[in-house]
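*Asks:* Below are the sequence and a predicted model; questions follow.
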Amino acid sequence: MSFNPAVYRLGERLTYNVNYSQFVSAAHIEMVVAGRGIFFERDGIQLKAHVETTGVVNVALLSLNNDYTTYVFAENGLPYRTQQVVREAGRTSEASIDYNQPAGTYAIPAKLKIGESTGIYDVLSAVYHVRAMPLTMGAQYFISVRNGNDEYQAEIKVTGKEYVKTSVGSFDAIVTKIKVKGTPLYDLRVYFSDDEWHVPVLLTAKHGEDAEVKAELAASSLEAPIVTPPTSRGSVTPQNQVPNNRTTTPGTRVAPSNSAPTSGSVLDLPFKIGEQLNYQVYMGKGNQPVGTLNFTFKERGRYFNRDGLQLTASAQTTGAAALFAVKDQMTSYVDPATLLPFRTEINFSEGKYKASRNYNLDQDRGSATTDNKGERVDIPIGTHDLLSALYSLRTFAPIIGKQNAISLMATNKPRALMVTAKSRETLELNGQKIAAIMLELKTDDPQPDKLQIRIWVGDDSRHLPLRITAVTELGAIRADLIVVPTKPR
């Protein structure tokens, strides 16, 4: 039985919304391939998951706020250690299990039925193990799964293919039917993307007396691409670049083979503290700028009682365009280890439209709360704001035709943002011809491409946003990065 290790993509983060019976967004689930390295004196892959119930379900039916960490062997996906953190009624309890899996010649049993796997899996490692299987039509797989003190025999059968629509896009999916005796779930079906990664995009099941359970993919991203050295194809120096004179000790976005990511470290990012990007904004095909747009990766410090990175953005009209006055400002405070925001401050002023909102984002519990009225908005775990999303896009490895999806807190509600690398192009900015990749951005709104947002990023390790275009109520706009000319004019 072949095993595909490619499904353990370092930095892959999958977030799910769970509906239970009539309760919408009753829970959130997040799974992350967190690192590859030496863990507990063994070479392995670190998998993490967070499961949390919310709202009425959390209060009246089932209270979950648990973290799971599993360490698996890279060659076969078998777990050798699991850790669990359970939070309940203000108390936190931790437990760990060492799996004494067979090794060497002892790992080869005398006789296995077709599709049967050796060893015992926990729930998290079992998910990835199934993803690593060929999942050919009509195939059956059998694995042993341990959950706490209980052990179950699971049968996975590939029954067909379907076209599945989710909030982050549509997928050609492989349908599997899973039977696990002794659990309250039945009629369990999992739909895996029909590609080499077999991403679970949808799960449906029944619980108890015919209560419907549905877990749907809400966000997916590859947040830890391997950063390659810069090439001359996209060698661009932004004008008015703020020099980075600070001394930092960055961690690694992807752990090398002999280490693991350090919690709270600064990622090995394609942008550095002090980077400032300045743009001129144009209307339609005009050549006279009507405004400016600025992004700054300001500094690392202590903000709102926690360690964070400060990102800022500002936009304003100039010259004749100032008749329609725009003066927008935004500040985002993000976690140094994930780039996820924990605080967002927005102050928009566009003609007669005014908006001022400050959000505190709780990424562990999936909520965004306003300062003034204490309004609470449920969000998927791993939700970005407008500013952190732009910087997060630069960490993606853009592969033409491939789509990444993230959850985005726009101004007052979360949306799914789909980012697709469409084509390689050459842009000319300030006399320079620069290799670029055009990204298409769409949302899960009824009109997903209403704003027709396109971003051209440099085709090198920094992925500088070179040009941003969109269609607004006033017409098409274009923001071009101001770059240092290659020779005096």
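*Replies:* That came through fine. Numbering: from 1, shown residues only.

*Asks:* correct me, but residue 46 touches residue 38?
*Replies:* No - checked against CB atoms under 8 Å, the pair residue 46 and residue 38 is beyond contact range at 10.6 Å. The C-beta positions use only the backbone N, C-alpha and C, and glycine is treated the same way.

*Asks:* Now do the strands in the stretch 301-450 of the chain.
*Replies:* Assigned by DSSP state E, counting those that start in this stretch, the strands in the stretch 301-450 of the chain fall at 306-317, 327-334, 341-350, 353-362, 367-370, 376-378, 383-385, 403-409, 414-429, 432-443.

*Asks:* who has more neighbours, residue 46 and residue 38?
*Replies:* Neighbour totals were compared for residue 46 and residue 38, and residue 46 leads with 21 against 13 (other CB atoms under 10 Å).

*Asks:* Tell me what that one is bridged to.
*Replies:* residue 35, residue 71 (DSSP bridges).

*Asks:* still on that earlier bit, which of the strands of the stretch 301-450 of the chain sits closest to residue 156?
*Replies:* With CB to CB as the criterion, residue 156 lies closest to strand 403-409 of those, at 25.5 Å.

*Asks:* How about residues contacting the closest one?
*Replies:* 15, 168-169, 217-222, 341, 344, 359, 361, 368, 377, 379-380, 382-386, 389, 392-393, 396, 414-420, 443 (CB atoms under 8 Å, 6 or more residues apart in numbering).

*Asks:* Quick check: the closest residue to residue 377 other than its chain neighbours vs residue 168, distance?
*Replies:* Excluding its sequence neighbours, the residue lying closest to residue 377 (CB to CB, 6 or more residues apart in numbering) is residue 368, at 4.6 Å. Distance, residue 368 to residue 168, using CB to CB, to the nearest Å: 19 Å.

*Asks:* Of the strands of the stretch 301-450 of the chain, which stretch is the most buried?
*Replies:* strand 383-385 (a mean of 27; mean count of other CB atoms under 10 Å).

*Asks:* What pairs with that strand, parallel or antiparallel?
*Replies:* For strand 383-385, using DSSP bridges, the partner strands are strand 403-409 (parallel).

*Asks:* got the angle for the strand it pairs with vs strand 353-362?
*Replies:* 100 degrees (axes from the mean of the first three to the mean of the last three CA atoms, to 10 degrees).

*Asks:* mind listing the helices for the stretch 51-200 of the chain?
*Replies:* 55-56, 123-131 (DSSP state H, counting those that start in this stretch).

*Asks:* what mean pLDDT would you report for the last one?
*Replies:* Mean pLDDT, helix 123-131: 96.

*Asks:* Over to stretch 342-350?
*Replies:* 91.

*Asks:* Go ahead and name everything in contact with that stretch.
*Replies:* Taking CB under 8 Å, 6+ apart as the rule, stretch 342-350 contacts 303-304, 306, 308, 324-335, 354-363, 368, 385, 387, 409, 411.

*Asks:* Could you rerun that using 6 Å?
*Replies:* 304, 326-333, 355-361, 385 (CB atoms under 6 Å, 6 or more residues apart in numbering).
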